[in-house]
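**Student:** Have a look at this prediction, sequence included:
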Amino acid sequence: MNTKTITKRCMETDKPLISILMAVYEPRMDWLKAQLGSLVAQTYLNLCLHFRADCLLRRNSGLR
């Protein structure tokens with residue numbers, strides 16, 4: 001399913017918007033990928049992720 005389809009389905013729903021707040025500080029990349037993968041796999045589509053990264057980007061983190 002592409003982003004446009006997901007956005008359209010979310011806009012047409014009468015289901016409540018669920019906001020997820022996620023704050024991280026120097027996370028293990030495997031854990032962060034697992035968390036984000038879990039959110040992407042949700043069947044409930046009317047979600048909004050608020051992501052706060054404190055000191056997430058380090059030179060050797062591999063994340064850009």
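**Tutor:** Thanks, I have it.
**Student:** where along the protein do the helices fall?
**Tutor:** Remark: helices assigned in the chain by DSSP state H are 3-12, 29-40.
**Student:** Flag every buried residue along the longest one.
**Tutor:** The neighbour-count check on helix 29-40 (16 or more other Cβ atoms under 10 Å) flags 32, 35 as buried. Any C-beta I mention is one placed from the backbone N, CA and C, and that applies to glycine too.
**Student:** Show me what it is packed up against.
**Tutor:** strand 18-25 (3 or more Cβ pairs under 8 Å, 6 or more residues apart in numbering; DSSP states H and E).
**Student:** measure residue 25 to residue 53 for me?
**Tutor:** The spacing between residue 25 and residue 53, counted by Cβ to Cβ, to the nearest Å, is 8 Å.
**Student:** Near residue 41, how many other residues are there?
**Tutor:** 7 (other Cβ atoms under 10 Å).
**Student:** Mind pulling up the pLDDT for it?
**Tutor:** You'll see residue 41 listed with a pLDDT of 90.
**Student:** Repeat that for residue 22.
**Tutor:** pLDDT at residue 22 comes out at 88.
**Student:** count of neighbours near it?
**Tutor:** Residue 22 has 14 nearby residues by other Cβ under 10 Å.
**Student:** Nearest residue to it in space, please, no chain neighbours.
**Tutor:** Leaving aside its chain neighbours, residue 22 sits nearest to residue 51 (5.2 Å; criterion: Cβ to Cβ, 6 or more residues apart in numbering).
**Student:** close enough to count as contact, the one you found and residue 32?
**Tutor:** No: contact status for residue 51 versus residue 32: not in contact, 9.9 Å apart, counting by Cβ atoms under 8 Å.
**Student:** shared neighbours, the two?
**Tutor:** Jointly contacting residue 51 and residue 32 under the rule Cβ atoms under 8 Å, 6 or more residues apart in numbering are residue 24.
**Student:** quick one: contacts for residue 48?
**Tutor:** Applying Cβ under 8 Å, 6+ apart, the residues contacting residue 48 are 17-20.
**Student:** swap in residue 44?
**Tutor:** The contact partners of residue 44, taken as Cβ under 8 Å, 6+ apart, are 15, 18.
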